[in-house]
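Novice: Quick check, what structure comes out for this input:
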Amino acid sequence: MDAYFVYLLECGDGSLYTGYTNRLARRLAAHQAGKGAKYTRSRLPVRLVYYECYPTKGEALRRECAIKRLSREEKKKLIQGFSCNELL
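Specialist: Residues are numbered from 1 along each chain as shown. Modelled structure (predicted):
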């Protein structure tokens, strides 16, 4: 059974990028190599600062959309206190 991840990256310029994937480690490596989203390519380096896991693609896409609608301050509150160390 696949798991789907919604994640937030902090880019080198301090901006935040939200995305989703079913292979988080591979997607993060692609972003860091400059082969990820067009938005992140010019804003390297990127750092994973937040993620959530969902059982279905639909749930992940709905959550991604909801996070994208949050203000920068709301996203910062979401990130605050979250640790990505246990991911990989």
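
Novice: which stretch of helix or strand covers Ser83?
Specialist: Using DSSP states H and E, no element contains Ser83; it sits outside every helix and strand.

Novice: Quick check on Val49: phi, psi?
Specialist: phi -120, psi -10 (degrees, to the nearest 10).

Novice: Hmm, it is touching Ser15, no?
Specialist: No. Counting by C-beta atoms under 8 Å, Val49 sits too far from Ser15 to count as a contact (11.6 Å). Every C-beta, even on glycine, is put in place using the N, C-alpha and C of the backbone.

Novice: So which of these two has more stuff around it?
Specialist: Neighbour count, other C-beta atoms under 10 Å: between Val49 and Ser15, Val49 has more, with 19 against 13.

Novice: which residues does that one contact?
Specialist: Neighbouring residues of Val49 by C-beta atoms under 8 Å, 6 or more residues apart in numbering: 8-10, 16, 79, 82, 84.

Novice: cool, His31 as well?
Specialist: Residues counted as contacts of His31 (C-beta under 8 Å, 6+ apart) are 9, 17, 37, 40, 46.

Novice: does the closest residue to the last one other than its chain neighbours count as helix, strand or coil?
Specialist: Read it as Val46. Among residues not flanking Val46 along the chain, Leu9 sits closest, at 4.4 Å (C-beta to C-beta, 6 or more residues apart in numbering). Classification of Leu9 by DSSP: H, G, I helix; E, B strand; the rest coil places it in strand.

Novice: Leu9 and Cys53, how far apart?
Specialist: Applying C-beta to C-beta, to the nearest Å, the value for Leu9 to Cys53 is 16 Å.

Novice: Between these two, which has more neighbouring residues?
Specialist: A count of neighbours by other C-beta under 10 Å puts Leu9 above the other of Leu9 and Cys53, at 25 against 12.

Novice: Roughly how far does that one sit from Lys77?
Specialist: When Leu9 is compared with Lys77 (using C-beta to C-beta), they lie 17 Å apart.
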